[in-house]
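In: what's the 3D shape of this:
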Amino acid sequence: MKRNCYDDETFFQGYKKIRENEKNYNNMLEQPAMHEFMPDVRGKKILDIGCGFGGNCREFAEGGALRVLGIDSSMRMLEVAKKETDHKDIEYFNLEAEKLHEIKETFDIVYSSLTFHYIEDFEKLIVDISDVLKKDGILLFSQEHPIITASPNKNLGWNYDEKGREVSYSFTNYNVPGIRGSHWFIDDVIKYHRTIGQIVTTLAEHGFHIEVLHETSPKPFAIEKYPRLKREFVKPHFLIIRARKI
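Out: Reported below is the predicted structural model:
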């Protein structure tokens, strides 16, 4: 099994602290959009890839899902999920997304929040998802926007005016897909960059119809709670895609 940064003590504690704070990018930007585009879960079988602490799994189960399978490669994340978000209709399983082919059942909805940019072989992932998704089933996923994943140079990013306000964002190597190393709580957090074109084309080539391609921007409620999010009108932070298997 490959190294999982979420099982590193320093990383895990740093990430957990962020998620425990209401004012974070997940709560203010990514999750509101994911809720907006999530189909009705009542009576549905749902697979959550990279389920983490299990919060989404619990929402699906409490919303009337018939069955929810949450998979994650981090044992530490699953320990929290099993303890804090247990439900009779949820099963948690320690499994890497790269081994999705080991699952021998099909689902109405495949959901994934902020996991796909950790996956090296995106095409295999989409093929495997297609295999476990029923015809007319929905794939809904979010990832870091390719503008964010593009630049390996830590000196790039926000540009400021004389008053310290973020006025633009610099990035490079957008059309050079591949591995990216970054520092987030610890060194050498590995992510993978691919362009929007590559993402959409891969989905189309493997039998998916794109219903929504959304690039996040802050909503009024988020700016009121977290004024710093105004800077996210400069560039999108997350990419969200909803696709139907045809």
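In: Run through the residues that contact the residue nearest to residue 38 when sequence neighbours are not counted.
Out: Closest residue to residue 38 apart from its sequence neighbours, by CB to CB, 6 or more residues apart in numbering: residue 140 at 6.0 Å. C-beta: built from backbone N, CA, C; applies to glycine. Counting by CB atoms under 8 Å, 6 or more residues apart in numbering, residue 140 touches 34, 37, 38, 39, 109, 110, 111, 112, 240, 241, 242, 243.
In: How about the last one: which residues does it bridge to?
Out: Beta-bridge partners recorded for residue 243 (DSSP bridges): residue 139, residue 210.
In: ok now do the residue minimising distance to the centre of the chain, which residues does it touch?
Out: Central residue of the chain (CA atoms, centre = their mean): residue 114, 1.5 Å from the mean position. Contacts for residue 114 (CB under 8 Å, 6+ apart) come out as 26, 30, 50, 142, 143, 144, 238.
In: Residue 87: neighbour count?
Out: By the criterion of other CB atoms under 10 Å, residue 87 has 15 neighbours.
In: pLDDT score assigned to it?
Out: pLDDT for residue 87: 94.
In: residue ranges of the strands in the chain, please?
Out: Applying DSSP state E to the chain gives strands spanning 45-49, 67-72, 90-94, 107-113, 133-144, 157-160, 166-170, 178-184, 186-193, 208-215, 238-245.
In: Which one of those lies nearest to residue 150?
Out: Residue 150 sits nearest to strand 186-193 of all these, at 5.5 Å, using CB to CB.
In: tell me the mean pLDDT over the closest one?
Out: 77.
In: again with stretch 127-145
Out: On average, stretch 127-145 scores 98.
In: Would you mark the buried spots in it?
Out: 127-130, 132-133, 137-145 (16 or more other CB atoms under 10 Å).
In: same thing with stretch 83-102?
Out: Under 16+ other CB under 10 Å, the buried positions of stretch 83-102 are 85, 89, 90, 92, 95, 96, 97, 98, 100.
In: got it, and stretch 166-178?
Out: For stretch 166-178, the neighbour count (16+ other CB under 10 Å) marks 166, 169, 171, 177 as buried.
In: Repeat that for stretch 40-51.
Out: Buried residues in stretch 40-51, counted by 16+ other CB under 10 Å: 41, 44, 45, 46, 47, 48, 49, 50, 51.
In: Just the terminal-to-terminal distance for that stretch.
Out: 19 Å (CA to CA, to the nearest Å).
In: what's in contact with it?
Out: With CB under 8 Å, 6+ apart as the test, stretch 40-51 has contacts from 56-57, 60, 63-73, 77-78, 81, 92, 97, 100, 103, 105-115, 118, 129, 132, 141.
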